[in-house]
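K.L.:
how would this look folded up:
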Amino acid sequence: MALNLYEKWASAVPLGDRPTYTDKYSSKMEDLYKQISGRGPFQYDTAKDPLFQGYKDQYMAAGKLAMKDTMGQAAALTGGYANTYGQQVGQQAYDAYLQHLGDVIPSLYGMAMDQYKMQGDQMLQQYSMLGDMRDRDYGMYRDALGDWENTRNFLVSLQEGDYNRQFQEDQFNYQKSQDAWNNSFRQQQFNYQKEQDAYNNQFRQSQFDYQKSQDAYARQLQEEQIAYQKMLDAYNRQWNEENRDYQRQQDAYERAWNEENRDYQRKWNEEERSYNREQDEYDKQWNRENRDYDRAWNEENRDYTRAWNEENRDYERLIYEDEKSYNRSQDAYGNLYSLIAGSGYSPSDAELAAAGMSRQAADALSAEYQRNVALDNNSNGWVYGDGWGTAPDGTTYVGPAYGFGSSGSGKSSGKSSGSSGGGYSAPSVYEPYYSDYTRQDVTDAYNYRDENGRMYSFEDIYQDINENVKDKNKRIDLLQWLRYENQ
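P.N.:
Next up, the predicted model:
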C-alpha cells in the first residue's frame, strides 16, 4: 500500500479561507484629489478675512475716539458747542486712522497666501499618506495571499505525490499482467508477420513501379514551376524598381516641403517677436503716461481739496462771527424791549440804534405799558398776564395773554382767563409739535421776558426740546444752540 503524506500534513497545516482585499483609501484619495484639483487660484477678499475685520473694527473704533477728542477740542475753542469746523477736523482724524488700515492689507494678504499654500501642502501630504497606507494594506494582503498560496501548493504537492505513488504501484501491477498477455500476443504476431512479409514483398514491387511513373510526372511539374518562378521574379524586380523611383520622388517632395515650412515658421517667429517687442514698448509708454496722469491728477486734487478746506474754514469763521454779531444785536434788542415793556422807559436815539429798534416801536411798547398799568388798577376789568390759550385755528400757544380778571392782580387772572375764560393768547415763540422749530425760535424763547423778568428758564426750554423734537440731528443742533445762548 502507498504512503499517504497528505492526510498527515493536512491536519498539521490548515489551509483556511483565501485572503481577500478591501480598498479603504481609494475613494478618500479621489475625494481629496477633487478638492486639490478644484481649489482654483489664490484669491484674497478683505470682506471675508476675519483678521482684517478685526483690524477694521479696531481702527474704526480708534478713529471714532480720535474724532470725538478732536471735535471736543475744537468745541472747547468755540465755547463748548459743535460747529462744522470741529466736524471737519474730527472727520480728518477719523480718515487718518482708516488710511492706516490700508497699510496692513499687504501683510494680511501675505498671511492669507501662506495659509492657502500651507493648506495645499497639508492636502498633498494627506493624499500621499493615504496612498502609503493603501500600498501598505495591499502589500500585507499580497503577503497573506502568498502564504496561503504556498500552503495550498504544499498540500497539493503532497496530494499529487500520494496520487503518483499510488498510480505507479497500480501501473506496476497492471504492467505485469500486460507483459504476460504481450508475450502470448507477440508469438501470434510473429506468425502473422511472416505471412505479411510475403505479401509486402509483392506489394512493394508494385509500389516501386508506381513510384517510377510518379517521379517522372514530378520532374515535369518541377520544371514548369521553375519557369513560372523565373517569370514571377522578373515581374517583382520591375515592380521594386518602379516603387523605389516613386519613393525617391516622394522623399524629394517631403524634403522641399519641410524646408519651405521651416523658412515660413522662422519668418513667422521673427514677426511675432517683433510684434511682441513693439507691444511691450507701447505698454511701457502707456503705463508711464498713465502714471504721470494719475500723479498730476492726485496733485491737482490734493491742491483743490486743501484750497477748498481753507475756504470752507474761512467761511465757517465768517458765519460764526456773523451769528455772534447778530445774537449780540438780538440780546440788545431783547433787553431794551423788556425794559420798555416792563417800565415804560423812553430810550435815546443812540440806544435805539444800538438795539436795532425804531422810535415808533419803542413808543408803541411804552403806550402798551401805560395801558397795562391802567388795566391793573381796575379790579374787574381786562387784565394783562402771561398765560396759555387757543388761537382761532385751534393751535395752543404759550405767551402774553389778555383776559377778564376778577382780582386786579393782573398776572394770575390773565393766565386763568387766557387758558379757560375766553381770553385770546398772543402767538408764542414755539409750538407744541416743534415741527418747524428753528434756532431763531430758541433765541426768541430764551430772550423773552415779561414785566417781572424771564418767562422761560434754560431748564424749561432744554426739557421741552429734548422731549418734543423727534428728529435726532435737529434736536442736537437746537440743544447746542441753546447752550450757546446761555453762555
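K.L.:
report the mean per-residue pLDDT for the helix or strand harbouring S338.
P.N.:
Assessed by DSSP states H and E, S338 sits inside helix 105-343. Averaging pLDDT along helix 105-343 gives 88.
K.L.:
next structured bit after it?
P.N.:
helix 349-355.
K.L.:
what packs against the helix or strand following that next one?
P.N.:
Downstream of helix 349-355, the next assigned helix or strand under DSSP H and E is helix 359-376. On a contact count with 3 or more CB pairs under 8 Å, 6 or more residues apart in numbering; DSSP states H and E, helix 359-376 meets helix 105-343, helix 349-355, strand 382-390. For the C-beta atoms, the positions are set from N, CA and C on the backbone; glycine is no exception.
K.L.:
what about 10 Å?
P.N.:
The elements that helix 359-376 packs onto, with contact taken as 3 or more CB pairs under 10 Å, 6 or more residues apart in numbering; DSSP states H and E, are helix 105-343, helix 349-355, strand 382-390, strand 396-404, helix 411-420.
K.L.:
list the buried residues in the shortest one.
P.N.:
Think helix 349-355. 351-352, 355 (16 or more other CB atoms under 10 Å).
K.L.:
ok, now stretch 133-144?
P.N.:
R134.
K.L.:
picking that back up, for D31, state which of the buried residues of helix 349-355 is nearest.
P.N.:
A355 (90.0 Å; CB to CB).
K.L.:
from M111, how far off is that closest one?
P.N.:
70 Å (CB to CB, to the nearest Å).
K.L.:
please apply the same query to D57.
P.N.:
Counting by CB to CB, the gap from D57 to M111 is 18 Å.
K.L.:
same question, N473
P.N.:
Taking CB to CB, one finds N473 at 41 Å from M111.
K.L.:
and S157, how many residues sit next to it?
P.N.:
13 (other CB atoms under 10 Å).
K.L.:
er, F42 actually
P.N.:
12.
K.L.:
do the one 3 residues further on as well
P.N.:
Neighbour count for D45, taken as other CB under 10 Å: 8.
K.L.:
show me what contacts it?
P.N.:
D45 makes contact with 52, 112, according to CB atoms under 10 Å, 6 or more residues apart in numbering.
K.L.:
let me know the distance separating it from N327.
P.N.:
53 Å.
K.L.:
buried residues, stretch 314-329. List them.
P.N.:
316, 327.
K.L.:
what is the distance between that stretch and the centre of its chain?
P.N.:
50 Å (CA atoms, centre = their mean, to the nearest Å).
K.L.:
pull it out as PDB, backbone CA atoms only.
P.N.:
The C-alpha coordinates for stretch 314-329 follow below in PDB (Å, rounded to 0.1, in the frame of the first residue of the first chain):
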ATOM      1  CA  ASP A 314     -12.700 130.800   6.500                       C
ATOM      2  CA  TYR A 315     -16.400 130.600   5.600                       C
ATOM      3  CA  GLU A 316     -17.300 128.900   8.800                       C
ATOM      4  CA  ARG A 317     -15.400 131.500  10.700                       C
ATOM      5  CA  LEU A 318     -17.300 134.300   9.000                       C
ATOM      6  CA  ILE A 319     -20.600 132.600   9.600                       C
ATOM      7  CA  TYR A 320     -19.700 132.200  13.300                       C
ATOM      8  CA  GLU A 321     -18.700 135.900  13.600                       C
ATOM      9  CA  ASP A 322     -21.900 136.900  11.800                       C
ATOM     10  CA  GLU A 323     -24.000 134.800  14.200                       C
ATOM     11  CA  LYS A 324     -22.300 136.200  17.200                       C
ATOM     12  CA  SER A 325     -22.800 139.800  15.900                       C
ATOM     13  CA  TYR A 326     -26.500 139.000  15.200                       C
ATOM     14  CA  ASN A 327     -27.000 137.400  18.600                       C
ATOM     15  CA  ARG A 328     -25.400 140.400  20.300                       C
ATOM     16  CA  SER A 329     -27.800 142.700  18.500                       C
END
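K.L.:
list the buried ones in the helix or strand hosting L101?
P.N.:
Here L101 is covered by helix 84-103, with elements defined by DSSP H and E. The neighbour-count criterion (16+ other CB under 10 Å) identifies 85-90, 93-94, 97, 101 as the buried residues of helix 84-103.
K.L.:
for M140, state which of the residues you listed is nearest.
P.N.:
Once CB to CB is applied, the member of the buried residues of helix 84-103 that ends up nearest M140 is L101, at 57.3 Å.
K.L.:
if we can go back for a sec, would you list the buried residues of helix 84-103 in JSON lines and tack on pLDDT?
P.N.:
Rendered in JSON lines, the data for these read as follows (pLDDT from 0 to 100):
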{"residue": "Y85", "pLDDT": "68"}
{"residue": "G86", "pLDDT": "66"}
{"residue": "Q87", "pLDDT": "72"}
{"residue": "Q88", "pLDDT": "77"}
{"residue": "V89", "pLDDT": "73"}
{"residue": "G90", "pLDDT": "72"}
{"residue": "A93", "pLDDT": "75"}
{"residue": "Y94", "pLDDT": "78"}
{"residue": "Y97", "pLDDT": "74"}
{"residue": "L101", "pLDDT": "78"}
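K.L.:
so the closest residue in space to Q159 that isn't next to it in sequence is in which element?
P.N.:
Nearest non-adjacent residue to Q159, counting by CB to CB, 6 or more residues apart in numbering: Y6, 4.4 Å away. Secondary structure from DSSP H and E places Y6 in helix 5-12.
K.L.:
next SSE downstream of that helix?
P.N.:
Heading C-terminal from helix 5-12 (DSSP H and E), you reach helix 26-37.
K.L.:
which residues touch that next one?
P.N.:
So helix 26-37 is contacted by 23, 25, 119-120, 123-124, 126-131, 133-134 (CB under 10 Å, 6+ apart).
K.L.:
can you pick the most crowded of those?
P.N.:
Busiest of these [other CB under 10 Å] is L130, holding 20 neighbours.
K.L.:
residue contacts, it?
P.N.:
So L130 contacts 24-33 (CB under 10 Å, 6+ apart).
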